[in-house]
Every structure is written in structure tokens, then in C-alpha cells.
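Peer 1: Starting from these lines, generate the structure:
(2 chains)
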Amino acid sequence: MSSVRLLVGTKKGAFIMTSDGKRAKWKISKPHFAGYEMYHVKGSPVDPNRLYASQCSGWFGQLMQRSDDGGKTWNPVDNKFTYDGIPGTHQWYDGTPHPWEFKRVWHLEPSLTDPDTVYAGVEDAAMFKTTDGGKSWHEMSGLRGHGSGAKWTPGAGGMGLHTILIDPSNHQRIYIAISAAGAFRTDDGGTTWKPINQGLRSLYIPDPTAEVGHCVHRIALHPSRPNTLFMQKHWDVLRTDDGGDHWHEVSGNLPTDFGFPIDVHAHEPETIYVVPIKSDAEHYPLDGRLKVFRSRTGGNEWEALTKGLPQRNCYVNVLREAMDVDTLDDCGIYFGTTGGQVYASSNSGDSWKAITHDLPAVLSVEVQTLA
Amino acid sequence: MIRVELPSPLRSLAQVKGEVQLDVSGPVTQRSVVDAIELRYPMLRGAIRDHVTKQRRPFLRFYACGEDLSHEPLDAPLPAAVAAGSEPYLVIGSIAGG
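Peer 2: Below is the predicted model of the structure:
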């Protein structure tokens, strides 16, 4: 029988939660790397017991961990992320040049075919890659060096490369997103890159339709339609059907189109999920009611999903990395909050149940559907 | 033999208990002691000082013989008592919380 494993990163450690295919009862591990900020934990699609974890601390900097047994034991791997050549400068918040400085790993994206190959999205924004299971990391410097890097600026949370999507039909094509630079695509496995932000309109930057400078919060795709991407931007939900060459807004009837995560149903490529947040200044749900919104039409027409979610006095946020879906027949949707709750739906979002209420603030949620 | 006291999270990371004892070849300085720590415990590389700049992480301090050495030159000799192993070299994390 299938089972599900959640890899949950929090501000004070990582937790592994397991359940059978019914997803009614959950076993929650003790904290792994207790006390550390766990930005992201993710498993290899070809070897689910191979996990990689980004472990951070204000005291001790960036640490990296790897497990070969599904998280039972861990071993540190290389934590040296050195920019290629002279790093140069990007724009600081006030528009002045600021040197590129490595701060942390935001996102880990294991290869779709090789458990030893992993991409890492880091702050200050850059992409790194290991091909030896984490023993060494090397910058894919074509991204930072493609020409617009000097214009990139940090978002309020830092200048992080937070989204990496590998096209399952063409592994040479990779999409990434950076706050606050925008979305980028490579068609040659990461050697050369180009911005793909045409159609984005951001009223909070000097040129609302600039080539770069947009605060993209998250991008998602369905494996069966890799040219269709869905984006949650700082404000606005958008889609593209040509691999990012052109985007158009699909916020439709959302009560607010600010938010962080966006995800796609495992079996319905036009069914997407967002969690609307009141505003960029007030990072909590409208009216204290936590609602996931689902569109079954690829955007524009949205319905609120509230059954089982708190509908009063709820002032948590759901961060960009904190939502994922499983691939069981009744698609499961999961998300974690800054209040330490992890919610699960085993029926595509129709109803929700809390797996736990009492974790540290949740930074990331990844789901593994196990045979 | 140089004695080094690491903060608890670094001891966990290095999988050691209590004080660490290290051989340091050549002059006993802050740089040579941290080099020796990283050589013996490679998992601590980058955790005490930056990989590239070699600067001390800002929330860590270095002490010995009751003196704060955090801002002393890295290549200055450490006190004789540290070099002789009668006093430990202390790596201390700043206090978290209020």
C-alpha cells in the first residue's frame, strides 16, 4: 500500500511525518537539527531515501546535510558555496551597488534522474549544482552573469533564488525565480539564461513592466504540461502557456491576489491552489479566516476552501515553500503556517485536517509519495 | 597539545563531547588553532569563520585566559598558557534570547 512522507522545515528544526495512503493518522518525528532554521528538505525522485537538507544558523552560517535512509540518519556534506570569479555587485534596497555575498541556501532541487545531482538556489541569488551527492558545489554562473544581475534587488526577505523547476520532458530546460528579480529560463541545462517576465506588471517598482525587478514569489507546473506555468507574484496570480515567453493575469475573483505559495493538482493540470494573504504589509489571511483558494479552470474562477480550516482569529502566514501535493489517486494537498500548524487534505482540498498545531514556524513542506 | 572549548551546537555537529585537544604545528595563533580545528573536524568548516573571507562569524567570540581575543590579530601568538595546554582556547556563541 502506498504511503506518504512529509519533510517539514521549520525555524527550529526539521520534522518528518509519515502516514499510510489513507492519510488519517500521522506519526511525527522528533526534531532533526533541533534549533536550526531548516529552509528546505527534499528527496530525490529516483531514490526517495536520498534526502538533502539546508541547515542554517545566525551563529554558524550554512550547513548542508544528506541522508541515505529516508531521514533516519544524516551526514554533513560540503557547505562551501563560492561565487565564480569576482562576484560583482547587485542593487541594494536604496539603489546603490552592493557586493554579492552568500548567505544561505533557500531551495534544493534534486535531479529527476540522478540522486547525486542537486541544484541549490541561494541568497544572494545564484544557482549552484552538485554532481557528487553534495561533496562539492559549483556555481552555474551563467545565470548571474547573463547581463541583468547588476539590476537585481533584494526583496524584504532577502535576494533569494527560491524556485527551481526542471522540465520533465526536456531536462535542459529549467525555470527559476528570484525575489526580487523575476523569473528566468535556461534551455541548455544552465549555461545560458534569459529573463521571462513579459506580461508581469508590478506597480511597486519604478518601471512596472521592466525586464527584471519583479518580486516573483513562486512558480509551479504540472509535469504533463511543462510549457504551462502558474505564478504567484508579490501581487497578482499569472499563467503562461509558452514556457514563460508571455504571461497574463488570472487573479480573477480572488479576494486579494497577494500571497506566497502556488501549486498544481497532481492529476488535473488546470486545477491550482493559492493562499491569499491580506497585503504586503499585513501577512495574514483576510478577516482572520484561513482560506485556500482553488481554481479548476487554470485561474480566473476561484472557490474558497475552508472546511476544517480556522475561520476566526487566524493571523498566520503560509510561506512560498510551505505547500505541496502528493500523487495518490485522491490528490493530497499539504501546507504549513508560520504559526506552526501543518494542514492536510486527502480530497483535493475539499476538507482539511491539522496534522499538528504546535511546531515552530513552518518554512517548507515537501511531500514524498512512496510505493 | 592545545585545548579548545567549543559551544554546544558545534560539539554536536563535530560529534564530540567536552573539551577538544589538538596538535598545532608551528606558532600557536588564533589562525593556526582554527586551522587545526577545521582539519580535524571538516564539518566545522564555514561554521566558525567564513569559507572565503576567513572572518570570524559575527555571533562568535574568541577568549583565552580571561581576555577577549576576538579582535586581536589572527597571527599574533596566543598566551603561553594556551600554547602549553594549561588553559583552553574558548569559542563562545553570543547569548540568544532576551
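Peer 1: quick one: contacts for residue 91?
Peer 2: Going with chain A. A:97-98, A:150-153 (CB atoms under 8 Å, 6 or more residues apart in numbering or on different chains). Just so you know, the C-beta spots here come from the backbone N, C-alpha and C atoms, and that holds for glycine as well.
Peer 1: Switch to chain B, please.
Peer 2: The neighbourhood of B:V91, defined by CB under 8 Å, 6+ apart, consists of B:4-7, B:10, B:48, B:60-62.
Peer 1: So which residues make contact with the strand or helix carrying A:V274?
Peer 2: Take DSSP states H and E as the rule and A:V274 turns out to sit in strand A:272-277. Defining contact as CB under 8 Å, 6+ apart, one finds that strand A:272-277 is touched by A:220, A:230, A:232, A:237, A:254-265, A:283-286, A:290-295, A:298-299, A:302, A:317-318, A:323, A:325, A:333, A:335, A:349.
Peer 1: Please check those residues and keep the buried ones.
Peer 2: Taking 16 or more other CB atoms under 10 Å in any protein chain shown as the criterion, what is buried in the contacts of strand A:272-277 is A:220, A:230, A:232, A:237, A:254, A:257-265, A:283-285, A:290-295, A:298-299, A:302, A:317-318, A:323, A:325, A:333, A:335, A:349.
Peer 1: So for the nearest residue to A:G299 once chain neighbours are set aside, what's the pLDDT?
Peer 2: Leaving aside its sequence neighbours, A:G299 sits nearest to A:V250 (CB to CB, 6 or more residues apart in numbering or on different chains; 2.5 Å). On pLDDT, A:V250 comes in at 98.
Peer 1: Ok, B:S94 next?
Peer 2: 82.
Peer 1: what's the neighbour count on the closest residue to it other than its chain neighbours?
Peer 2: Of all residues not flanking B:S94 in the chain, B:F59 sits nearest, at 4.5 Å (CB to CB, 6+ apart). Using other CB atoms under 10 Å in any protein chain shown, B:F59 has 16 neighbouring residues.
Peer 1: ok, now which ones touch B:F59?
Peer 2: A:58-59, B:93-94 are the contacts of B:F59 under CB under 8 Å, 6+ apart.
Peer 1: Please repeat the previous calculation with a cut-off of 10 Å.
Peer 2: Applying CB atoms under 10 Å, 6 or more residues apart in numbering or on different chains, we find B:F59 in contact with A:57-61, B:7, B:92-96.
Peer 1: of these, closest to A:V342?
Peer 2: Comparing the contacts of B:F59 against A:V342 with CB to CB places A:S57 closest, at 22.8 Å.
Peer 1: I'd like the distance between that closest one and chain B.
Peer 2: Distance, A:S57 to chain B, by CB to the nearest CB, to the nearest Å: 7 Å.
Peer 1: Give the phi and psi angles for the nearest residue to that residue once chain neighbours are set aside, as a check.
Peer 2: Closest residue to A:S57 apart from its sequence neighbours, by CB to CB, 6+ apart: A:Y36 at 5.3 Å. Phi and psi for A:Y36, reported as degrees, to the nearest 10, are phi -100, psi 150.
Peer 1: of the contacts of B:F59, buried ones?
Peer 2: A:57, A:59-61, B:7, B:93.
Peer 1: In strands only, show me those residues.
Peer 2: In this view, the buried ones among the contacts of B:F59 that belong to strands under DSSP state E are A:57, A:61, B:93.
Peer 1: of all the residues you listed, which comes closest to A:G70?
Peer 2: So of those, ranked by how close each gets to A:G70 (CB to CB), first place is A:S57, at 24.3 Å.
Peer 1: Thought B:A47 was touching that closest one, still the case?
Peer 2: Yes: A:S57 lies in contact with B:A47 (CB atoms under 10 Å); the separation is 8.2 Å.
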